[in-house]
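S.K.: got a predicted structure plus its sequence, pasted below:
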Amino acid sequence: MNNMGPLLLLSLLSLWGTAVRAEHGASTDGKSPAFCGERECPKFQLIQQYDSFELRAYEGSQWVTTELDDGFLGFGMVTSFRRLFNYISGKNSQEKKIEMTVPVLIQYPLKDTGRNATMSFFLSPSLVNPPKPLDPAVYLENTSPLSVYVMSFGGYALDYDYKKKAKALAEKLRNLGLSFDDSVRTTAGYNDPFTLINRHNEVWYKAK
């Protein structure tokens with residue numbers, strides 16, 4: 001995927017270009033951090049700010065998820081994104097259009113846990129009973145409150161960039177003696193491809 005930036009970007013552009021025109025749902029409460037832009041994102045409390053990363057405590061939340069396809073030349077990511085996008089565009093049990101949120105979350109197992117990599121879209125708490133997906137490869141899930149160590153960075157990020165930042169975050173956590181779950185690396189993307197400046201990307205490790 002490292003060498004597929006331009007082609008992959010064009011593919012995601014076409015999807016995001018439609019996503020930004022999806023019907024709007026409930027508005028946010030105005031307290032979202034600036035990097036969420038105009039989109040709703042999961043609520044969290046900043047627990048501690050370190051030199052180059054932070055510890056956040058997230059509320060329990062709901063997500064729509066699918067496995068992350070490997071795919072030819074990295075285009076499996078586009079396939080996975082399309083499944084989730086189709087769900088929020090009305091391919092669900094209620095034919096309901098759901099507003100695009102952030103971040104797009106990807107979880108990569110780093111050890112032999114029996115899990116596959118997944119991609120998820122956050123679902124607003126205002127969506128009390130999310131419609132069921134029609135695609136058997138898409139499913140709903142709820143996460144309990146959790147604390148995560150987060151390193152943020154800007155620019156257009158590809159897999160290489162996320163891996164580099166995740167490695168840096170893991171090294172800092174170990175050097176500080178902070179306990180974290182190193183079995184899963186999580187990446188969070190907040191911007192559509194049309195956003196040229198002030199882009200925001202994150203890597204997460206769950207705190208123990």
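M.R.: All right, it came through fine.

S.K.: check contacts around the residue lying closest to residue 181 once chain neighbours are set aside.
M.R.: Spatially, and ignoring its direct neighbours in sequence, residue 181 is nearest to residue 206 (4.1 Å; CB to CB, 6 or more residues apart in numbering). (C-beta placed from N, C-alpha, C; glycine too.) Counting by CB atoms under 8 Å, 6 or more residues apart in numbering, residue 206 makes contact with 146-149, 180-181, 184, 186.

S.K.: what of residue 178?
M.R.: Residue 178 sits next to 149, 207 when contact means CB under 8 Å, 6+ apart.

S.K.: got the phi and psi for it?
M.R.: phi -90, psi 130 (degrees, to the nearest 10).

S.K.: picking up where we left off before, chain center to the helix or strand hosting the residue nearest to residue 181: distance?
M.R.: Residue 206 belongs to strand 201-206 when assigned by DSSP states H and E. With CA atoms, centre = their mean, to the nearest Å as the basis, strand 201-206 stands 9 Å off its chain's centre.

S.K.: go through it and flag the buried ones.
M.R.: Neighbour-count burial for strand 201-206 flags 201-205 (criterion: 16 or more other CB atoms under 10 Å).

S.K.: who does it pair with, and is each partner parallel or antiparallel?
M.R.: strand 146-153 (antiparallel), strand 184-189 (antiparallel) (DSSP bridges).

S.K.: just name the most buried of those.
M.R.: strand 184-189 (a mean of 20; mean count of other CB atoms under 10 Å).

S.K.: send the alpha carbons of that one over as CSV?
M.R.: Coordinates of the C-alpha atoms in strand 184-189 are reproduced here as CSV (Å, rounded to 0.1, in the frame of the first residue of the first chain):
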residue,chain,number,x,y,z
VAL,A,184,-3.6,-4.2,18.7
ARG,A,185,-2.6,-1.0,16.8
THR,A,186,-5.5,1.4,16.1
THR,A,187,-5.4,4.2,13.6
ALA,A,188,-7.9,7.0,13.4
GLY,A,189,-8.4,9.3,10.4
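
S.K.: can you list the weak-confidence ranges in the protein?
M.R.: Within the chain, the stretches with pLDDT under 70 are 1-31, 71-74, 113-114.

S.K.: buried ones in the longest helix seen in the chain?
M.R.: Criterion DSSP state H: the longest helix present in the chain is helix 159-175. Neighbour-count burial for helix 159-175, counted by 16+ other CB under 10 Å, picks out 159, 161-162, 165-166, 169-170, 172-173.

S.K.: same question, stretch 124-142
M.R.: By 16+ other CB under 10 Å, the buried positions in stretch 124-142 come out as 124, 127, 130-131, 133, 138-139.

S.K.: any idea how far apart the tips of stretch 111-120 sit?
M.R.: 20 Å (CA to CA, to the nearest Å).
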